[in-house]
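Novice: just the structure for this:
(one chain, ligands or ions: 1)
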Amino acid sequence: MNKWVLKGLKTGIKTTLYPDKEETSPGISPGLPQGKQTMGDEAQVVSRCPTQALNHIKDMISVDYRRCIHCFRCLRGIHNPVDWDKGYEWAVSIKEIDDASRMLGKAFDHSLHIRFVDGGACGACISEIEQINKPYYNIHRLGFFITPTPREADVLLVAGPVTDHMRLPIEKAYDAMPAPKRVIAIGTCAISGGIFGPSFASEGGISNLIPADIVVPGCPPPPLSIIHGLLLVVSRKPSASLTSPKSTEGERPHD
Ligand code: SF4
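Specialist: Now for the predicted structure:
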């Protein structure tokens, strides 16, 4: 018998139980910084952030997840670091948070076809997206399938800041998709351009080309965050927030 089959029979099913159960395995997520109230010199941490993701207003430090690149400068090697959340449900529904029309209906609950296009990513988000199709995360069990053609796709996943050369391929892929279709931006670059920003060579995020329905912050977001985004697009999970503490204003990718 093939040794991989034997090994599988011996070790049993190792696929994550998320979303039925919370995943608590070590290393499953790098976590995200959290906003907090300041009482002393904590505000100094704001100047350490290279992307202006941290803000200090009145007595609160807030985090803008559209800009955070997971550099850990606000956590490591500093007295009074920010708080750190170890979770992974980071996906956010853009525009009207509670607008059900932004989500795909019941028919897509367990039959969602996904087309991924690399918009000039560094490779980190691509690596995490690859994981969702592997045995540990196994999105097939959730009724989610990667498809090679946009003509079969319900959801377009885009990673990277959308480089000049990828504008046309992304537009063509989106135009070829049948309605209703939704767009999910994976990672900080796809949301805001990240460290590349908008430039002569970069769109500065997918929403400057095609409006994103859902964004998944992180640099890169771990596989469970990407799965959370897919569950959110079919209304099987609620939305997270793009800021910490949560903003009371409408959340958009480029405010
Ligand atoms: S981890 Fe994010 S919020 Fe913290 S310093 Fe780095 S970019 Fe800024």
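
Novice: helix or strand for the residue of the stretch 101-250 of the chain at minimum distance from the ligand, which one?
Specialist: The nearest approach of the stretch 101-250 of the chain to the ligand comes at residue 219, 7.7 Å away (C-beta to the nearest ligand atom). Yep, even glycine has a C-beta here, placed from its N, CA and C like the rest. With the criterion set as DSSP states H and E, no secondary-structure element contains residue 219; it sits in neither a helix nor a strand.

Novice: ok, now which ones touch it?
Specialist: Shown in contact with residue 219 (C-beta atoms under 8 Å, 6 or more residues apart in numbering): 68, 69, 70, 124, 187, 188, 189, 194.

Novice: same check on residue 163?
Specialist: With contacts defined as C-beta under 8 Å, 6+ apart, residue 163 is in contact with 119, 120, 201, 202, 203.

Novice: excluding its backbone neighbours, what's nearest it?
Specialist: Leaving out its chain neighbours, the residue that sits closest to residue 163 by C-beta to C-beta, 6 or more residues apart in numbering is residue 120, at 3.2 Å.

Novice: hang on, that neighbour packs against residue 170?
Specialist: No: with contacts defined as C-beta atoms under 8 Å, residue 120 does not count as touching residue 170, sitting 9.9 Å away.

Novice: so for the two, which residue has more residues nearby?
Specialist: A count of neighbours by other C-beta atoms under 10 Å puts residue 170 above the other of residue 120 and residue 170, at 24 against 21.

Novice: what's the burial count for residue 113?
Specialist: Burial measure for residue 113: 19 neighbouring residues, criterion other C-beta under 10 Å.

Novice: in the sheet, who's paired with it?
Specialist: On the basis of DSSP bridges, residue 113 takes part in beta bridges with residue 145.

Novice: in stretch 143-157, which residues are buried?
Specialist: By neighbour count, with 16 or more other C-beta atoms under 10 Å as the criterion, the buried positions of stretch 143-157 are 144, 146, 150, 153, 154, 155, 156, 157.

Novice: tell me the pLDDT at the last one?
Specialist: In this prediction, residue 157 carries a pLDDT score of 98.

Novice: which residues touch it?
Specialist: Applying C-beta under 8 Å, 6+ apart, one finds that residue 157 lies in contact with 114, 115, 116, 117, 129, 184, 186, 226.

Novice: how about TSV for those residues, with neighbour count and distance to the ligand added?
Specialist: Putting these into TSV (neighbours: other C-beta atoms under 10 Å; distance: C-beta to the nearest ligand atom, whole Å) gives the following:
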residue	neighbour count	distance to the ligand
114	23	27
115	22	29
116	23	25
117	20	25
129	22	21
184	25	21
186	31	17
226	29	19
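
Novice: out of these, which are inside strands?
Specialist: In strands, judged by DSSP state E, the following of the contacts of residue 157 are found: 114, 115, 116, 117, 184, 186.

Novice: widest-spaced pair of those?
Specialist: Between any two of the ones in strands among the contacts of residue 157, the greatest separation by C-beta to C-beta is 12.5 Å, found for 115 and 186.

Novice: could you pull out the residues contacting both of residue 120 and residue 170?
Specialist: residue 162.

Novice: distance of the spatially most central residue of the chain from residue 237?
Specialist: Most central residue of the chain, judged by C-alpha distance to the mean C-alpha position with C-alpha atoms, centre = their mean, is residue 216 at 1.9 Å. For residue 216, the distance to residue 237 under the criterion C-beta to C-beta, to the nearest Å works out to 12 Å.

Novice: ok so, going back, any chance of JSON lines for the contacts of residue 219, columns distance to residue 135, pLDDT and secondary structure?
Specialist: Rendered in JSON lines, the data for the contacts of residue 219 read as follows (distance: C-beta to C-beta, whole Å; pLDDT from 0 to 100; DSSP: H, G, I helix; E, B strand; the rest coil):
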{"residue": "68", "distance to residue 135": "30", "pLDDT": "96", "secondary structure": "coil"}
{"residue": "69", "distance to residue 135": "30", "pLDDT": "95", "secondary structure": "coil"}
{"residue": "70", "distance to residue 135": "26", "pLDDT": "94", "secondary structure": "coil"}
{"residue": "124", "distance to residue 135": "21", "pLDDT": "97", "secondary structure": "helix"}
{"residue": "187", "distance to residue 135": "23", "pLDDT": "97", "secondary structure": "coil"}
{"residue": "188", "distance to residue 135": "28", "pLDDT": "97", "secondary structure": "helix"}
{"residue": "189", "distance to residue 135": "28", "pLDDT": "97", "secondary structure": "helix"}
{"residue": "194", "distance to residue 135": "30", "pLDDT": "91", "secondary structure": "coil"}
